[in-house]
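> Starting from these lines, generate the structure:
(one chain, ligands or ions: 3)
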Amino acid sequence: MTATAGDDAGLAGDIKADDLLIETLGPGRITSPLSPLLDASRGTTEHYVDSGDRVLLDDTAAGIAARGTAVEDLPGLEPCGPRRQIYFDPSKTRAGIVTCGGLCPGLNDVVAGLVRTLTYHYGVRRVVGFRNGYRGFVSAYGHDVVELTPESVRDVPVDGGTFLGTSRGPQDPEEIVDCLEQMHLNVLFVIGGDGTMRGAMDIAGVIRERGLRIAVVGIPKTIDNDIPFIDQSFGFQTAFAEASEAIRSVTVEAKSTPGGIGLVKLMGRHSGFIACYASLVRSDADAVLIPEVPFELDGETGLLEHLRRRVQTRGHAVVVVAEGAGQDLLDPIGRTDASGNQKLADVGPWLKEQIESHFATAGTETSVRYVDPSYLIRSVPANPYDSVYTVRLSHAAVHAAMSGRTAMVVGRVRRRFVHIPMSLAVSRRNQVDPHGDLWMAVLESTGQPWRFGEDSTRQTGAPHA
Ligand SMILES: Nc1ncnc2c1ncn2[C@@H]1O[C@H](COP(=O)(O)OP(=O)(O)O)[C@@H](O)[C@H]1O
Ligand SMILES: O=P(O)(O)OC[C@H]1O[C@](O)(COP(=O)(O)O)[C@@H](O)[C@@H]1O
Ligand SMILES: [Mg+2]
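Ligands and ions are numbered 1, 2, ... in the order given. Got it, this is the predicted structure:
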């Protein structure tokens with residue numbers, strides 16, 4: 001099932017108001033140290049949503065009308081932000097932070113933002129970082145922790161990656177909670193993707209079973225932008241900007257070579273957002289291939305003839321392929337990584353070979369310039385936009401945790417910062433909607449058919465030159 005927000009917002013008809021309820025450890029019972037800053041007249045504006053208000057899930061008149069319910073029954077997301085009354089006594093609160101899964105620009109900014117808010121705004125005295133993902137909690141890896149202070153994190157955002165380290169692979173949630181108990185931690189911040197959030201739900205489940213008072217709050221991370229509901233994941237903008245550089249360079253190469261074809265493979269296992277966005281930056285691409293839209297190589301409407309026509313009329317062509325595209329055409333690898341993610345067959349070199357052999361058979365000169373920027377796009381520091389975004393997400397996460405909310409993630413939905421239950425955040429994957437505006441924008445930019453190999457009735461108006 002695809003997502004209901006982001007670029008290709010569909011209607012969230014299957015989601016009910018109860019699905020959006022946020023779990024709490026208990027009512028706010030302590031006056032927040034931030035309360036002097038919270039003006040009594042603070043109410044919902046275009047920049048802020050009052051804690052008593054809700055951000056509606058449905059964002060079209062038709063969506064709201066289809067519910068057929070009173071306004072108070074419409075599904076709404078709880079807004080982020082500081083609460084006057086909080087659950088944890090800051091002077092007795094100890095917090096932990098962990099980063100898991102693949103790298104993403106902005107991880108260090110999130111950690112630094114969490115540490116600063118906890119320390120400066122709430123006066124929390126102990127914040128620790130767990131090293132190398134969920135491994136940092138387990139005895140086999142020696143309970144690998146590092147003390148975090150505003151001073152120790154001051155310069156980390158200038159670097160890419162995560163200074164805490166990260167890992168893939170399962171760790172026992174019982175052992176993780178044992179560690180939280182032994183260290184007397186009250187709050188755990190988990191920064192990671194869908195897998196990490198599933199792990200965090202397991203941790204929150206053990207905490208619930210044991211009747212402990214430990215909040216688990218997630219900050220979703222993924223360069224693939226595959227987390228549902230939120231507008232865009234942090235680091236995505238930085239990553240696709242970096243990816244667009246690879247497209248620019250193969251375009252220059254292709255233009256400078258007789259029969260030049262530039263081919264770029266970009267990350268994106270199941271979601272082609274990076275490929276789509278990076279291709280739209282300069283509109284250099286003649287074809288964009290994403291996991292969500294199958295394609296055929298052969299025939300008049302196939303990819304290879306499209307490229308040959310472009311080379312013949314324009315002198316060169318550029319193809320951008322997401323790593324998860326065309327998997328149905330390749331021999332499956334049949335293996336998974338340590339976290340259980342399916343390993344993909346390498347579409348890049350395969351496509352290069354297919355193009356070369358098709359052009360050779362057709363007697364058309366070509367020279368394919370293939371680039372796989374791979375880790376280059378996700379290991380860079382966050383750009384200024386993503387830095388600001390990550391810092392604001394980290395602030396929202398601290399407010400949520402200090403108020404006793406748990407098993408939830410923070411995110412931005414149509415510019416509003418909101419709380420989303422973890423269970424909902426992992427219930428589906430954000431994907432490019434082949435019938436949505438983003439894919440339409442790609443088609444308009446490249447002039448490619450709706451789907452290579454599809455009969456012409458499904459194609460956009462323009463003949464594909
Ligand atoms: N279904 C799951 N249940 C519990 N833990 C999981 C699950 N999937 C992944 N994890 C754990 O979460 C961490 C990160 O997951 P991974 O899939 O590698 O990255 P991401 O969080 O970016 O998707 C790993 O330690 C992994 O073992
Ligand atoms: O880091 P690895 O194991 O090489 O995996 C690469 C994968 O990580 C990603 O960059 C992000 O994946 P996650 O967000 O799920 O960690 C994918 O785009 C890519 O397929
Ligand atoms: Mg993942």
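> rest of the way, CA atoms for contacts and neighbours
OK.
> tally of neighbours for whichever residue of the stretch 251-400 of the chain sits closest to ligand 1?
Taking Cα to the nearest ligand atom, ligand 1 has its nearest neighbour within the stretch 251-400 of the chain at residue 339, 4.2 Å off. Look at residue 339: counted by other Cα atoms under 10 Å, it has 14 neighbours.
> Apart from its chain neighbours, what residue comes closest to residue 360?
residue 366 (8.0 Å; Cα to Cα, 6 or more residues apart in numbering).
> repeat for residue 419
residue 410 (4.9 Å).
> same question, residue 150
Leaving aside its chain neighbours, residue 150 sits nearest to residue 116 (5.4 Å; criterion: Cα to Cα, 6+ apart).
> In a strand, the one you found, correct?
No. Assessed with DSSP: H, G, I helix; E, B strand; the rest coil, residue 116 is helix; it does not lie in a strand.
> what mean pLDDT does stretch 67-74 have?
Model confidence over stretch 67-74, given as mean pLDDT, is 92.
> just stretch 330-348 next, same as before
Across stretch 330-348, pLDDT averages out at 96.
> number of nearby residues for residue 111?
27.
> host element of it?
Following DSSP states H and E, one finds residue 111 within helix 107-116.
> quick one on the thing from earlier: if I look at the residue of the stretch 251-400 of the chain closest to ligand 1, how far off is ligand 2?
Distance check for residue 339 against ligand 2: by Cα to the nearest ligand atom, to the nearest Å, it reads 9 Å.
> what sits against that residue?
168, 169, 170, 195 (Cα atoms under 8 Å, 6 or more residues apart in numbering).
> Recalculate using a threshold of 10 Å.
Under the criterion of Cα atoms under 10 Å, 6 or more residues apart in numbering, the contact list for residue 339 reads 101, 167, 168, 169, 170, 171, 195, 196.
> any idea how far residue 199 is from it?
For residue 339, the distance to residue 199 equals 10 Å [Cα to Cα, to the nearest Å].
> For the stretch 151-300 of the chain, what lies in contact range of ligand 1?
By the rule Cα under 6 Å from any ligand atom, the part of the stretch 151-300 of the chain lying against ligand 1 is 167, 168, 169, 170, 192, 193, 194, 195, 196, 198, 199.
> try 8 Å this time
The stretch 151-300 of the chain comes close to ligand 1 at residues 167-171, 192-202, 221-222, as judged by Cα under 8 Å from any ligand atom.
> go on, the stretch 301-450 of the chain?
When proximity is defined as Cα under 8 Å from any ligand atom, the stretch 301-450 of the chain approaches ligand 1 at 337, 338, 339, 340, 341.
> related to what we said a few turns ago, okay, and the common contacts of residue 339 and residue 199?
Residues within reach of residue 339 and of residue 199 at once, by Cα under 10 Å, 6+ apart, are 170, 171.
> Do a quick rundown of the helices in this protein.
61-67, 107-116, 173-182, 194-209, 236-255, 273-282, 303-314, 347-362, 384-402, 422-425, 437-446 (DSSP state H).
> and those helices, which is most packed in?
Stretch with highest mean neighbour count among those: helix 107-116 (a mean of 28; mean count of other Cα atoms under 10 Å).
> what is the rounded mean pLDDT of that one?
Mean predicted confidence for helix 107-116 is 98.
> what's it packed up against?
strand 94-99, strand 126-130, strand 187-192, helix 384-402 (3 or more Cα pairs under 10 Å, 6 or more residues apart in numbering; DSSP states H and E).
> Strand 94-99 and the shortest one, what's the angle between them?
So the one you mean is strand 126-130. 30 degrees (axes from the mean of the first three to the mean of the last three Cα atoms, to 10 degrees).
> okay, now residue 373: neighbour count?
Residue 373 - counted by other Cα under 10 Å - has 17 other residues nearby.
> give the contact list for the closest residue to residue 145 other than its chain neighbours.
Among residues not flanking residue 145 along the chain, residue 130 sits closest, at 4.5 Å (Cα to Cα, 6+ apart). Contact analysis of residue 130 by Cα under 10 Å, 6+ apart lists 96-99, 136-137, 143-147, 164-166.
> cool, and residue 277?
Taking Cα under 10 Å, 6+ apart, we find residue 277 in contact with 236, 237, 239, 240, 241, 243, 244, 283, 438, 439, 441, 442.
> What score does the third one have for pLDDT?
The pLDDT attached to residue 239 in the predicted structure is 97.
> my read: it touches residue 376, true?
Yes. Between residue 239 and residue 376 there is a contact at 8.8 Å, judged by Cα atoms under 10 Å.
> Mark which of the contacts of residue 339 are buried, thanks.
101, 167, 168, 169, 171, 195, 196 (16 or more other Cα atoms under 10 Å).
> The second one touches residue 102, doesn't it?
Translated: residue 167. Yes. Using Cα under 10 Å, residue 167 is in contact with residue 102, at 7.6 Å.
> Export the contacts of residue 277 to a markdown table and append columns for distance to ligand 2.
As requested, those are exported to a markdown table (distance: Cα to the nearest ligand atom, whole Å):
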| residue | distance to ligand 2 |
| --- | --- |
| 236 | 11 |
| 237 | 14 |
| 239 | 10 |
| 240 | 11 |
| 241 | 15 |
| 243 | 12 |
| 244 | 15 |
| 283 | 22 |
| 438 | 19 |
| 439 | 19 |
| 441 | 22 |
| 442 | 20 |
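> how about TSV for the residues you listed, with distance to residue 256 added?
Output for these, formatted as TSV (distance: Cα to Cα, whole Å):
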residue	distance to residue 256
236	31
237	29
239	27
240	24
241	23
243	21
244	19
283	18
438	30
439	29
441	27
442	25
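> What parts of this protein come near ligand 3?
Residues of the chain lying close to ligand 3 by Cα under 5 Å from the ion are 193, 194.
> Residues touching stretch 27-34, excluding its own?
With Cα under 10 Å, 6+ apart as the test, stretch 27-34 has contacts from 38, 82-90, 121-123, 399, 402-405.
> so how far does that stretch reach from one end to the other?
The first and final residues of stretch 27-34 sit 17 Å from each other (Cα to Cα).
> now that stretch, how far from the centre of its chain.
Its chain's C-alpha centre and that of stretch 27-34 lie 32 Å apart, by Cα atoms, centre = their mean, to the nearest Å.
> I'd guessed residue 103 sits against residue 160; true?
Yes. Proximity of residue 103 to residue 160 meets the contact threshold set by Cα under 10 Å, at 8.5 Å.
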